[in-house]
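Peer 1: sharing a model prediction with you, sequence too.
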Amino acid sequence: MPRHQSGFTLVELLVVILIFGIFAGAVYSLYIAHMKTVISREEVLDVQQNVRIAMDRLTRDLRMAGFLASQPVELAMLNYSTIGIQTASSDATYVSIREVLQDDKFAVVPPAALDSYTAGLDTVTIVRPSTKSQLGGVFSVLSSSSSSGRMSISPAAPADNLRVGDMVCKASAYPELIRYRIDRADAANGCDKLPCLMRNSEIIAQGISSLRFDYFLDGANDAPVADTDLSSLLDNDLRRITAIRVMVTGQTKPGSDGTVKSRELTSLIKLRNYR
């Protein structure tokens, strides 16, 4: 029998297995750490995207606050975490007077929109955008023709009261009151796990943990309205609000250690329809 044989001893095999185990454990630890970092970054990116979506929607609605609204109140239910925006309804059909005609008629643009106005059924209001004043009350549609782009109403608005650019809007569809708030309790929508930004009953973005509205008055744009003065502002002079600073904060789900990561976006929005 040969004195020396090729192969590995048990000790050598155990050493190799130990070294391989240490190496595999190190690689696995690096992989787990990398995956945690990737997941964390994805969650933060989701929060950043949700915050941008929330700010974009809020900005568009605030800039439209008071649009075609004849009532003096353009903002309602104001506080530092909730706001109501009164504006033309998003599904409203409105036309602009292009020419005032004889026989109590006027031509409008776009004429195709007149297809949605039904004589004898629909009612309209007429608003002057430059002053946001309502001309008269509510009028009945006597006739409307998209082919000629003409409309007549009852009672007839005096021709000297109508101007080119006046807006005719269905009274039944405007104005709309849009309320923004944070919902933390609706399990059906998943808002009990991550707080949601609500636009009336619509979810705009999840993971929005807080809203902050600061209101600036005409002639006092260097500092917002103090907390103690907000109630008197609501009662006396809503129309003096010319700008709103919006702060939207989003957060991730709590990690295994209970920590959350948050992102905040701030924007100063000037109201376009100030009067």
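Peer 2: That came through, no problem. Residues are numbered from 1 along each chain as shown.
Peer 1: lowest-scoring secondary structure element of the chain by mean pLDDT?
Peer 2: The helix or strand of the chain with the lowest confidence, counting by mean pLDDT, DSSP states H and E, is helix 230-236 at a mean of 56.
Peer 1: ok, which stretches of the stretch 101-250 of the chain are strands?
Peer 2: 105-109, 123-128, 133-134, 139-145, 150-154, 167-170, 176-183, 196-199, 202-206, 208-217, 241-251 (DSSP state E, counting those that start in this stretch).
Peer 1: which one, of those strands, ends up nearest to residue 62?
Peer 2: Of all the strands of the stretch 101-250 of the chain, strand 241-251 sits nearest to residue 62, with 6.0 Å by CB to CB. The way it works is simple: take the backbone N, C-alpha and C, and place the C-beta from them, glycine included.
Peer 1: pull out the buried positions in that closest one.
Peer 2: Residues of strand 241-251 classed as buried: 241, 243-244, 246, 248-251 (neighbour count, 16 or more other CB atoms under 10 Å).
Peer 1: among these, which one lies nearest to residue 35?
Peer 2: Closest to residue 35, out of all of the buried residues of strand 241-251 and judged by CB to CB, is residue 251, at 21.3 Å.
Peer 1: what score does that closest one have for pLDDT?
Peer 2: Residue 251 is assigned 87 on the pLDDT scale.
Peer 1: distance of it relative to residue 259?
Peer 2: 10 Å (CB to CB, to the nearest Å).
Peer 1: do residue 196 as well
Peer 2: 21 Å.
Peer 1: which one's more surrounded, the two?
Peer 2: Between residue 196 and residue 259, counted using other CB atoms under 10 Å, residue 196 has the larger neighbour count: 24 against 8.
Peer 1: give me every residue that touches that one.
Peer 2: 182-184, 186, 189-190, 203-208 (CB atoms under 8 Å, 6 or more residues apart in numbering).
Peer 1: the nearest residue to residue 153 once chain neighbours are set aside bridge partners, please.
Peer 2: Closest residue in space to residue 153, ignoring its immediate chain neighbours: residue 139 at 3.9 Å, by CB to CB, 6 or more residues apart in numbering. Counting by DSSP bridges, residue 139 is bridged to residue 124.
Peer 1: any weak-confidence spans in the stretch 151-275 of the chain?
Peer 2: Across the stretch 151-275 of the chain, the ranges flagged by pLDDT under 70 are 158-160, 172-174, 219-222, 226-240, 273-275.
Peer 1: sec struct for residue 84, please.
Peer 2: Assigned state for residue 84: strand (three-state reduction, DSSP: H, G, I helix; E, B strand; the rest coil).
Peer 1: who's it bridged to?
Peer 2: Under the criterion used (DSSP bridges), residue 84 bridges to residue 76, residue 179.
Peer 1: am I right that it is in contact with residue 178?
Peer 2: Yes: contact status for residue 84 versus residue 178: in contact at 6.8 Å, counting by CB atoms under 8 Å.
Peer 1: ok, these two, which is more surrounded?
Peer 2: Neighbour count, other CB under 10 Å: between residue 84 and residue 178, residue 178 has more, with 22 against 18.
Peer 1: and the more buried one, what does it touch?
Peer 2: So residue 178 contacts 61, 84-87, 199-200 (CB under 8 Å, 6+ apart).
Peer 1: on that earlier part again, will you turn the buried residues of strand 241-251 into a markdown table that also has distance to residue 224?
Peer 2: Output for these, formatted as a markdown table (distance: CB to CB, whole Å):
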| residue | distance to residue 224 |
| --- | --- |
| 241 | 10 |
| 243 | 9 |
| 244 | 9 |
| 246 | 11 |
| 248 | 16 |
| 249 | 17 |
| 250 | 22 |
| 251 | 24 |
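Peer 1: between the residues you listed, which is closest to residue 270?
Peer 2: Looking across the buried residues of strand 241-251 and measuring by CB to CB, the closest to residue 270 is residue 243, at 4.7 Å.
Peer 1: circling back: most surrounded residue in the contacts of residue 178?
Peer 2: Neighbour max across the contacts of residue 178 (other CB under 10 Å) = residue 85, 27 neighbours.
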